[in-house]
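Asker: Prediction below, plus the sequence it came from.
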Amino acid sequence: MAPVVTIDASLDASNGYEAVHAWLSLHEVPTMQHAYRREAERLILWAISGRGRALSSLTTEAAIAYGAFPAP
């Protein structure tokens, strides 16, 4: 039997904000980092102010509601 290979795909983060920034560091193109950061921070703010939840606690329903949230 072949050995099982596991990959640790976790981000070294203790909260949603740190997780977003760890994820952003994986993108090399500065314009993409800026666009992703802006949208991710907008999502975090919406989650906290609009849903009263941390990013890690959002549900599928919340993701759908965020999709209907008007862009600036």
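Answerer: Yep, it's here.
Asker: So which residues make contact with the top helix by length along the chain?
Answerer: For the chain, the helix with the greatest residue count under DSSP state H is helix 30-51. By CB atoms under 8 Å, 6 or more residues apart in numbering, the residues outside helix 30-51 that reach it are 16-17, 20-21, 23-24, 27, 53-55, 57-58, 62, 65-66, 69, 72. Every C-beta, even on glycine, is put in place using the N, C-alpha and C of the backbone.
Asker: Quick check: mean pLDDT of stretch 36-49?
Answerer: Mean pLDDT, stretch 36-49: 89.
Asker: Check which residues of that stretch are buried.
Answerer: 36, 40, 43, 44, 46, 47 (16 or more other CB atoms under 10 Å).
Asker: In CSV, list these along with distance to residue 4.
Answerer: Below are the buried residues of stretch 36-49 laid out as CSV (distance: CB to CB, whole Å):
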residue, distance to residue 4
36, 33
40, 33
43, 35
44, 35
46, 39
47, 36
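Asker: before we move on, back to that, give me the helices and strands touching the helix or strand just after the longest helix of the chain, please.
Answerer: The helix or strand immediately downstream of helix 30-51 is helix 60-67, counting by DSSP states H and E. Secondary-structure packing of helix 60-67 (3 or more CB pairs under 8 Å, 6 or more residues apart in numbering; DSSP states H and E): helix 30-51.
Asker: report the angle between the axes of the helix it packs on and helix 60-67?
Answerer: 120 degrees (axes from the mean of the first three to the mean of the last three CA atoms, to 10 degrees).
Asker: Kindly format the C-alpha coordinates of helix 30-51 as PDB.
Answerer: What follows is helix 30-51, C-alpha atoms only, in PDB (Å, rounded to 0.1, in the frame of the first residue of the first chain):
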ATOM      1  CA  PRO A  30       0.300  43.800  -6.300                       C
ATOM      2  CA  THR A  31      -2.800  44.900  -8.200                       C
ATOM      3  CA  MET A  32      -4.500  41.600  -7.400                       C
ATOM      4  CA  GLN A  33      -3.400  41.900  -3.700                       C
ATOM      5  CA  HIS A  34      -4.900  45.300  -3.500                       C
ATOM      6  CA  ALA A  35      -8.200  44.300  -5.100                       C
ATOM      7  CA  TYR A  36      -8.500  41.100  -3.000                       C
ATOM      8  CA  ARG A  37      -7.500  43.000   0.200                       C
ATOM      9  CA  ARG A  38     -10.100  45.700  -0.400                       C
ATOM     10  CA  GLU A  39     -12.900  43.100  -1.000                       C
ATOM     11  CA  ALA A  40     -11.800  40.900   1.900                       C
ATOM     12  CA  GLU A  41     -11.700  43.800   4.400                       C
ATOM     13  CA  ARG A  42     -15.100  44.900   3.100                       C
ATOM     14  CA  LEU A  43     -16.400  41.400   3.800                       C
ATOM     15  CA  ILE A  44     -15.000  41.400   7.300                       C
ATOM     16  CA  LEU A  45     -16.500  44.700   8.100                       C
ATOM     17  CA  TRP A  46     -19.900  43.600   6.700                       C
ATOM     18  CA  ALA A  47     -19.700  40.400   8.700                       C
ATOM     19  CA  ILE A  48     -19.100  42.300  11.900                       C
ATOM     20  CA  SER A  49     -21.400  45.200  11.400                       C
ATOM     21  CA  GLY A  50     -24.100  43.600   9.300                       C
ATOM     22  CA  ARG A  51     -24.300  40.200  10.800                       C
END
